[in-house]
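J.: Below: sequence and its predicted model.
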Amino acid sequence: MVPTTSATRFSLHHHHHHHRLYLSYLSLLLFCAAPLVSAHNRRYTAPNVSRLTDFFPLVSSLDSAFSIFFGNPNVRLYNNASSVDLTLNKSSGSGLASKDKYSYGFFSAAIKLPAGLTSGVVVAFYLSNAEAFPHNHDEIDIELLGHDKRNDWVMQTNLYVNGSVSTGREEKFYLWFDPTEEHHYYSIVWNTHHIFFLVDNIPVREFLWKGSFYPSKPMSIYATIWDGSEWATHGGKYPVSYAYAPFVASISQVQLVGCISSASSNSSTPGGIQPSCPKKMFVPAKFDPVDGQYFAALTSQQVSAMQWARSKLMFYSYCKDIHRYKVLPPECN
């Protein structure tokens, strides 16, 4: 809806031969307004999908499942340690790391992002084994990037395999809601068939296991908030403004349902790892996120929801980035 300015009101009441002029003015107005609408009033109604987050139990006590990764004074557990506030301020960011390492599974958290001017702020929920494999680590990332005055939070998803940081498989999305108003689910499924990323149970990206580019070593789960001034908002154009600190990310309803790796997982022979799979205890075999048939492929409902999300909300994909890749990675074809 274009607001009626005094100019358009004048045109409307003017003589009919100004009608054509008014129409061209109106189309110009619509044309100018279009980027603003697409960048800002993106309040779509998402399609219905099955709620994977309803399938699995919550981590009841975050302090038993996680240790403090950094920024101890900026980590605050509450609700009987089922929720945590992670703060970024001038002195430090903060983060949690899971005590167990996982091979495959369903990993999810409900996150409420800090409101206000958050350029340069990064809130991340991700899997990584950089501590165990410093030179050839794997990573599966959801990173939420703060915004400047004119724009929205951005969600970036990424994959790294064997430390190939220069060839991250990045895709960036806008969200269809304001992520600062309440908690929303951000989830990762990782098994021997595929990896897919979900927001409020809507798949936004799927990466199939074919070829050698696929994370397969056990990983820890991290939740962090930190200063990404160098790159996070418009390539580093807008750094963190600490006049608006503290920035608080609120995290609850965490779900870690996968195969827990044995202690030997720190050895550099990933083939020798025998994960134990306690997840089988509480989900029917069909809905097991690692081996169950339900998680082996997206349902047709999930596929159409993913097409909806990608067509409306994705604004960057590495598969279209010919400046970055002289030859596009094989999975882009």
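T.: Received, thanks.

J.: how close does the residue nearest the centre of the chain sit to Ser67?
T.: Most central in the chain under C-alpha atoms, centre = their mean is Ile142, positioned 3.4 Å from the mean C-alpha point. To Ser67, Ile142 is 21 Å away according to C-beta to C-beta, to the nearest Å. C-beta: built from backbone N, CA, C; applies to glycine.

J.: How about Phe315?
T.: 36 Å.

J.: Report the separation between the two terminal residues of stretch 142-154.
T.: 10 Å (C-alpha to C-alpha, to the nearest Å).

J.: hmm, I was thinking of stretch 240-248
T.: Start and end residues of stretch 240-248 are separated by 13 Å (C-alpha to C-alpha).

J.: Same check on stretch 173-193?
T.: Using C-alpha to C-alpha, one end of stretch 173-193 lies 24 Å from the other.

J.: list the buried ones in that stretch?
T.: For stretch 173-193, burial by neighbour count (16 or more other C-beta atoms under 10 Å) applies to 173-177, 179-180, 183-191, 193.

J.: where along the stretch 201-333 of the chain do the helices fall?
T.: Under the criterion DSSP state H, counting those that start in this stretch, the stretch 201-333 of the chain contains helices at 300-313.

J.: where does it dip in pLDDT?
T.: Low-confidence segments of the stretch 201-333 of the chain (pLDDT under 70): 231-233, 235-236, 263-275, 278-282.

J.: where exactly do the strands run in it?
T.: Taking DSSP state E, counting those that start in this stretch, the strands of the stretch 201-333 of the chain run over residues 202-208, 220-227, 247-260, 314-317.

J.: which of the residues in the last one are buried?
T.: By that I understand strand 314-317. Buried residues in strand 314-317 (16+ other C-beta under 10 Å): Met314, Ser317.

J.: Paired strands for that strand, with orientation please.
T.: Strand 314-317 pairs in its sheet with strand 171-174 (antiparallel), by DSSP bridges.

J.: Likewise for the first one?
T.: Sheet pairing here is set by DSSP bridges, and for strand 202-208 it gives strand 194-199 (antiparallel).

J.: what angle do the strand it pairs with and helix 300-313 make?
T.: Interaxial angle, strand 194-199 versus helix 300-313 (axes from the mean of the first three to the mean of the last three C-alpha atoms, to 10 degrees): 60 degrees.

J.: ok, residues contacting strand 194-199?
T.: Residues outside strand 194-199 that contact it (C-beta atoms under 8 Å, 6 or more residues apart in numbering): 52, 108, 140, 142, 155, 157, 159, 173, 175, 184-189, 203-209, 214-215, 297-298, 306, 309.

J.: measure the nearest residue to Ala97 once chain neighbours are set aside to Leu52 for me?
T.: Excluding its sequence neighbours, the residue lying closest to Ala97 (C-beta to C-beta, 6 or more residues apart in numbering) is Phe69, at 4.0 Å. Applying C-beta to C-beta, the value for Phe69 to Leu52 is 26 Å.
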